[in-house]
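In: Okay, predicted coordinates and the sequence, questions at the end:
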Amino acid sequence: MPAYRDRRSGVWRYRKRIRLPDGSRPRIEGTPSLNTKLAAEEAERAHIARALRGEPSNPPKEVPTFAEFAETFMATYARSNNKPSEYEAKRSILSHHLLPAFGARPLEEITGKDIEDLKARLLDTKRSAKRINNVLNVLSKILRYAAEIELIDRMPKIKTLKVPPQKFDFFTFEELEALVAKSASEPEWHAAVLVAGEAGLRLGELLALEWTDIDFKNGLLTVMRNDWRGSIGAPKSGRDRKIPLTTRVTAALKAIRHLKGKLVFCWGDGSRWTNSTMRAGIKRQEKRAGLRVTGWHVLRHSFCSHLAMRGAPAIAIKELAGHASIAVTNRYMHLAPGGAARNAIALLETGRQVGDDAEELA
């Protein structure tokens, strides 16, 4: 078999059965240090030459530098498995943190102490624990991938930092009502505010929303895609979700129905709004309502917060918001009514009373 590219990992390899002067036919295989077809072919020829000279059949590992392997990782694993936003985030972390720290080092020489030193330097620059963990997680993925394709024997242990509970801003019920009321003079922005505040869509989900995603008959909105800087992909959670529409969200969307194009929020020629358009729009509405200038994500936080404050269970909020895990949803649950736990325990009393009554009747 000539040099080939592994379908799962995207890595170039070679595998071949050769004939030696003694008549034996061993199989040789390996992975080059550089992830190219040419490098795999050269590594195969070098391996054959060693075998013919009677040297050990297993070729010595060619361990690339961190910078060399990072390019392989980005071109294969990251490009195949990450959304555009995730890919660019990894590229930024590599450029600003990991390449300056480890770029010239062979992968196998990166130790746990080196990683702790990097962590200490980042702490000295007053980076947040969340940001430092993002850097460490990218490093971990790169080294784990190198271990999976057997470029290194094992990866050093990487310990992340404890992250304090994340604070978030949200509008009170009164503030949201003021924003909804004051945006009414601009119907499209009025609809966008309501879809974000009462359906919980992210900014990119608003930009990618199409009329076919809205089922007016059954009062449902399906979030199917996300717009990240003009690149359309799956929502952040990676899966679709359905959200029942409130009466006024339905009315606001019906009021702006148009034939300009498939997008709900767009320019007169049907072309999509941009992040800049959206930022300017929400800033204008917030100022008009006399509110602090925040951004679209505060409306999403308000959606989750208001549901929790009205007593919605965490699992329902998770599904409606499209959170990847219940841990994300739990950030909002401290806002739940104080009597929720007492009411839950009261269900046991109710159940016991029903059972006692049934026994008496028997």
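Out: Cool, the structure landed. Because the structure is a prediction, the values reported are computed rather than measured.
In: what's stretch 193-203 in contact with?
Out: 171, 176, 179-180, 183, 206, 209, 221, 223, 226, 235-236, 243, 245-246, 248-249, 252-253, 275, 278, 282, 285, 295-297, 299-300, 302-304, 320-322 (Cβ atoms under 8 Å, 6 or more residues apart in numbering). The way it works is simple: take the backbone N, C-alpha and C, and place the C-beta from them, glycine included.
In: I'd like the C-alpha coordinates of stretch 309-327 written as CSV, please.
Out: In CSV, the C-alpha atoms belonging to stretch 309-327 read as follows (Å, rounded to 0.1, in the frame of the first residue of the first chain):
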residue,chain,number,x,y,z
MET,A,309,-37.5,33.4,38.6
ARG,A,310,-40.9,32.2,37.4
GLY,A,311,-40.2,28.7,38.8
ALA,A,312,-39.3,26.8,35.5
PRO,A,313,-37.4,23.6,36.2
ALA,A,314,-33.7,23.6,35.3
ILE,A,315,-34.1,20.8,32.7
ALA,A,316,-36.8,22.8,30.8
ILE,A,317,-34.5,25.9,30.8
LYS,A,318,-31.6,23.8,29.6
GLU,A,319,-33.7,22.5,26.6
LEU,A,320,-35.1,25.9,25.7
ALA,A,321,-31.8,27.7,25.9
GLY,A,322,-29.8,24.9,24.2
HIS,A,323,-27.2,24.6,26.9
ALA,A,324,-24.6,21.9,26.4
SER,A,325,-24.9,20.8,30.0
ILE,A,326,-27.0,21.3,33.1
ALA,A,327,-24.0,22.9,34.8
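In: now it, how far from the centre of its chain.
Out: 17 Å (Cα atoms, centre = their mean, to the nearest Å).
In: how about it: buried residues?
Out: For stretch 309-327, burial by neighbour count (16 or more other Cβ atoms under 10 Å) applies to Met309, Ala312, Ala314, Ile317, Lys318, Leu320, Ala321, Gly322, His323.
In: Can you flag the buried ones in the contacts of stretch 193-203?
Out: When the contacts of stretch 193-203 are checked for burial by 16+ other Cβ under 10 Å, the buried set is 171, 176, 179-180, 183, 206, 209, 221, 223, 226, 235-236, 243, 245, 249, 252-253, 278, 282, 285, 296, 299-300, 302-304, 320-322.
In: Mark which of the residues you listed are part of strands, please.
Out: The strands, defined by DSSP state E, take in Leu221, Val223, Asn226, Ile243 from those.
In: Next up, phi/psi of Ser95, please.
Out: When read as degrees, to the nearest 10, the backbone of Ser95 gives phi -60, psi -40.
In: Kindly report the same for Glu29.
Out: Backbone torsions for Glu29, taken as degrees, to the nearest 10, come to phi -160, psi 160.
In: Do you know the pLDDT at it?
Out: Looking at Glu29, its pLDDT is 84.
In: Any idea what it is bridged to?
Out: Per DSSP bridges, the residues bridged to Glu29 are Arg15.
In: What is the burial count for it?
Out: 16 (other Cβ atoms under 10 Å).
In: any idea how far the spatially most central residue of the chain lies from Pro2?
Out: In the chain, the residue lying closest to the centroid (Cα atoms, centre = their mean) is Lys236, at 5.3 Å. Remark: distance between Lys236 and Pro2 (Cβ to Cβ, to the nearest Å) = 41 Å.
In: Same check on Phe66?
Out: If you measure Phe66 against Pro2 using Cβ to Cβ, the figure is 29 Å.
In: out of the two, which sits in the more crowded spot?
Out: Taking Phe66 and Pro2 together and counting by other Cβ under 10 Å, Phe66 has the greater number of neighbours (23 against 10).
In: Wait, that one touches His97, no?
Out: No. If you go by Cβ atoms under 8 Å, Phe66 and His97 don't touch, sitting 11.9 Å apart.
In: thinking again about what came up before, out of the buried residues of stretch 309-327, which one sits closest to Phe216?
Out: Ranked by distance to Phe216 (Cβ to Cβ), the buried residues of stretch 309-327 are led by Leu320 at 18.9 Å.
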